[in-house]
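Trainee: Let's see this in three dimensions:
(one chain, ligands or ions: 3)
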Amino acid sequence: MKVDVLLGLQWGDEGKGKVVDVLTPKYDVITRFQGGPNAGHTLEFDNFKHVLHNIPSGIFHTNKVNIVGNGVVLDPITFKHEIDQLKEKGFDITGNLHISKKAHLILPTHRILDAASEASKGKTKIGSTLKGIGPTYMDKTGRNGMRVGDILHNFEEKYEALKEKHIKLLQMYDFEYDIEKFEEGLKEGIETLKSCILIDSEHEINKYLRNGKSILAEGAQGTLLDIDFGSYPFVTSSNTICAGACTGMGIAPTKIGEVFGIFKAYCTRVGSGPFPTELFDETGDALRKAGNEFGSTTGRPRRCGWVDLVALKYSVMINGVTQLIMTKGDVLSGFETIKVATGYKMNGQVTEEFPFELTDDVEPVYTELPGWKQDLTGVKSEAQFPQELKDYIAYLEKELEVPITIVSVGPDRDQTIVR
Ligand code: GDP
Ligand code: IMO
Ligand code: MG
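Mentor: Residues are numbered from 1 along each chain as shown. Ligands and ions are numbered 1, 2, ... in the order given. Sure thing, here's the model as predicted:
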């Protein structure tokens, strides 16, 4: 068996959580392989809505195993909060949740360092989610980090030593903080983690594959936030791309099966950084309103714009996407025309390649397609699609050279059309 991977092709929030939940019945195991509580994956079904941060989006289906892989960074405090929230809603999920001992721990001082670093950058800040992601991955690659497995071996001693290091680092910044406040709930969080099934996930995952079990890997963030290929430095600190599934789970590249690339029918971004097709006018406002584009993790308004084929082609290439999933088609209903960026004008020249020099000065070159008026949220099959939507889909498929196999027309599990 192989691992299918579902990942975002834009700047995150493409609807990964919703679609992973839709696809879960086909799989035995759902895994996360990178990122952490910076992710906010929204699921809706049976008038129930929930946002997941650390926990894979397969969790609402009983008898599926959900694994937090080694490439993930886990904050014991927010993790406990997430488990508690689910318990309050009647879901006791710890029995279906396995966590890699090699996943790195986000500590309170990582969150303080994240905040201090952002504050010191002023106007050039990344717009991080302030969850401590950057400093935790820095400690991982700097070989200072603490891992989930460390909670079983002299946790206190290692924690105090790393905390001391961080306190010294914090002296670099002119930043006030209350460490005890950030540490609130840490002990309880560690206890909650201890009560989970802590595993050597690379062994478990490969055993599942040998035993013929099917696995879906759920990406977090999106390709344009990838540490290597995204709009650096305005990116997250992990490999959000397909290759990240190999390093974040311990599977060989030959074990990757389908690669589902998910994108919105338009485009959004939250936080700072270049966004060539961003709209600053009433069309942008209309997209934000119709798409309810506010961050699932931070509540920040998301920046909105047209779909960008230069970026999408790049993402398809980097990830080896085999199937495309288009979400939020319903949000585009009512626009007279829909624009699609096909090139970037830079220094008087047009390029179709996502460039190193991606700045706010890049001017998109647009193609226009006719929009549609029909409300799509109640549509149950492709046959009910307006012709203009069919044409939009056909155009994107032709340009991207990959079939769009799923179209999402609303936030609910049921509002999904498989082609
Ligand atoms: P993720 O981070 O990729 O899982 O996406 P988020 O959950 O952060 O953001 C996607 C938002 O769009 C959530 O509020 C979803 O409930 C919602 N959503 C997902 N698919 C659709 C869709 O096809 N149409 C509409 N209108 N909303 C959708
Ligand atoms: P999901 O999984 C959208 C953005 C932040 C910021 C940058 C770095 O829900 O799609 P970080 O906290 O990772 O250091 O922030 O990345 N960002 C996201 N944007 N969706 C996400 O996750 C994101 N996770 C991080 O806004 O610009
Ligand atoms: Mg999100």
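Trainee: Distance of residue 66 relative to residue 327?
Mentor: Distance, residue 66 to residue 327, by C-beta to C-beta, to the nearest Å: 22 Å. Backbone N, C-alpha and C define where each C-beta goes, glycine included.
Trainee: Can you pick out the residue with more neighbours from the two?
Mentor: residue 327 (26 against 23; other C-beta atoms under 10 Å).
Trainee: That one reaches residue 15, doesn't it?
Mentor: Yes. Using C-beta atoms under 8 Å, residue 327 makes contact with residue 15 at a distance of 3.6 Å.
Trainee: Overlap of the contact sets of these two?
Mentor: 262, 264, 408 (C-beta atoms under 8 Å, 6 or more residues apart in numbering).
Trainee: And the contacts of stretch 133-152?
Mentor: Contacts to stretch 133-152, defined as C-beta under 8 Å, 6+ apart, come from residues 35-36, 38, 73-74, 76, 99-107, 109-111, 113-114, 117, 126, 128, 155, 158-159, 162, 165-166, 190, 193-194, 198, 227, 236-238.
Trainee: and the next element down the chain from the longest helix along the chain?
Mentor: For the chain, the longest helix by residue count, based on DSSP state H, is helix 155-170. Note on helix 155-170: by DSSP states H and E, the next helix or strand toward the C-terminus is helix 179-183.
Trainee: and the longest helix of the chain, what's its mean pLDDT?
Mentor: Rounded to a whole number, the mean pLDDT of helix 155-170 is 98.
Trainee: Check which helices and strands that helix is in contact with.
Mentor: helix 108-121 (3 or more C-beta pairs under 8 Å, 6 or more residues apart in numbering; DSSP states H and E).
Trainee: Apply 10 Å and report the result again.
Mentor: Helix 155-170 is packed against strand 104-105, helix 108-121, helix 133-141, helix 179-183, helix 186-194, with contacts defined by 3 or more C-beta pairs under 10 Å, 6 or more residues apart in numbering; DSSP states H and E.
Trainee: Of all residues in the stretch 51-200 of the chain, which one is closest to ligand 3?
Mentor: residue 51 (7.9 Å; C-beta to the ion).
Trainee: what comes up buried for the helix or strand harbouring that residue?
Mentor: Taking DSSP H and E as the definition, residue 51 sits inside strand 48-52. Buried residues in strand 48-52, defined by neighbour count with 16 or more other C-beta atoms under 10 Å: 50, 52.
Trainee: how about the residues of the stretch 1-150 of the chain near ligand 1?
Mentor: Applying C-beta under 6 Å from any ligand atom, we find that the stretch 1-150 of the chain lies next to ligand 1 at 8, 12, 13, 14, 15, 16, 17, 18, 40, 41, 42, 44.
Trainee: As TSV, those with secondary structure and neighbour count would be great.
Mentor: Compiled in TSV, these are given as follows (DSSP: H, G, I helix; E, B strand; the rest coil; neighbours: other C-beta atoms under 10 Å):
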residue	secondary structure	neighbour count
8	strand	27
12	coil	28
13	coil	27
14	coil	28
15	coil	22
16	helix	25
17	helix	25
18	helix	26
40	coil	19
41	strand	26
42	strand	18
44	strand	17
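Trainee: Any chance of a markdown table for these, columns pLDDT and distance to residue 25?
Mentor: Shown next, in a markdown table, are these (pLDDT from 0 to 100; distance: C-beta to C-beta, whole Å):
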| residue | pLDDT | distance to residue 25 |
| --- | --- | --- |
| 8 | 98 | 22 |
| 12 | 98 | 25 |
| 13 | 97 | 24 |
| 14 | 98 | 21 |
| 15 | 98 | 18 |
| 16 | 98 | 17 |
| 17 | 98 | 15 |
| 18 | 98 | 14 |
| 40 | 96 | 23 |
| 41 | 98 | 17 |
| 42 | 97 | 19 |
| 44 | 97 | 16 |
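Trainee: For this structure, which segments count as helices?
Mentor: According to DSSP H, the helices that the chain contains are 16-23, 76-88, 108-121, 133-141, 155-170, 179-183, 186-194, 201-210, 242-247, 282-290, 309-319, 387-400.
Trainee: my guess is residue 245 meets residue 217, correct?
Mentor: Yes. Using C-beta atoms under 10 Å, residue 245 is in contact with residue 217, at 4.6 Å.
Trainee: Are there residues contacting both of those two? Which ones?
Mentor: Residues touching both residue 245 and residue 217 (C-beta atoms under 10 Å, 6 or more residues apart in numbering): 3-7, 31-34, 69, 71, 251, 256, 259.
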